[in-house]
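[1] sharing a model prediction with you, sequence too.
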Amino acid sequence: MPQYILLLHETPSDFSNFSPEEAQQIFGEYFAWRSKIQAEGKYVGSNKLKEEGGRHVSMRNGKARVVDGPYAEAKEVMGGYFIIDAANYDEAVEISKGCPHLKYDGWIEVRETDPVPAG
């Protein structure tokens, strides 16, 4: 069965205005949704990305360039991802519609993965 990655995009301020209690409740919504798709045999894996922004690596004139990012001024960031099994894009999109990320003004990029054989 094909696998799809659901990339969770948001603006940096989307989740910054919640109290600790509200944030815990929201986390519970994501956990419940993950449990649901896991019970349906569709869940493969997921991770929340740390809010520190990571690093951007590029090559310029044969030299690697590494900068911190994204910055607070960024219009959007990727907050995490889910990997799911789905028969096709239609099913992957339907599964993504249940993700609580949409409820909090985020958007989800759905992409089919192209497995590379090991070795």
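    Received, thanks.

[2] contacts for stretch 67-84 next, please.
    3-12, 14-15, 34, 37, 42-49, 53-56, 92, 95, 99, 101, 106, 113 (CB atoms under 8 Å, 6 or more residues apart in numbering). For the C-beta atoms, the positions are set from N, CA and C on the backbone; glycine is no exception.

[3] which among the residues you listed count as buried?
    Buried by 16 or more other CB atoms under 10 Å: 3-6, 8, 10, 12, 14-15, 34, 37, 42-44, 46, 53, 92, 95, 99, 101, 106, out of those.

[4] so which of these belong to helices?
    In helices, judged by DSSP state H, the following of these are found: R34, I37, A92, I95.

[5] kindly reformat those as a markdown table containing distance to P117 and pLDDT.
    Formatted as a markdown table, these follow (distance: CB to CB, whole Å; pLDDT from 0 to 100):
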| residue | distance to P117 | pLDDT |
| --- | --- | --- |
| R34 | 28 | 97 |
| I37 | 27 | 98 |
| A92 | 22 | 98 |
| I95 | 26 | 98 |
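
[6] tell me which two in those are the farthest apart.
    By the measure CB to CB, R34 and A92 form the most distant pair in these, at 15.3 Å.

[7] the residue nearest the centre of the chain: which element?
    Geometric centre of the chain, nearest residue: Y81, 2.5 Å, by CA atoms, centre = their mean. In the assignment (DSSP states H and E), Y81 maps to strand 77-85.
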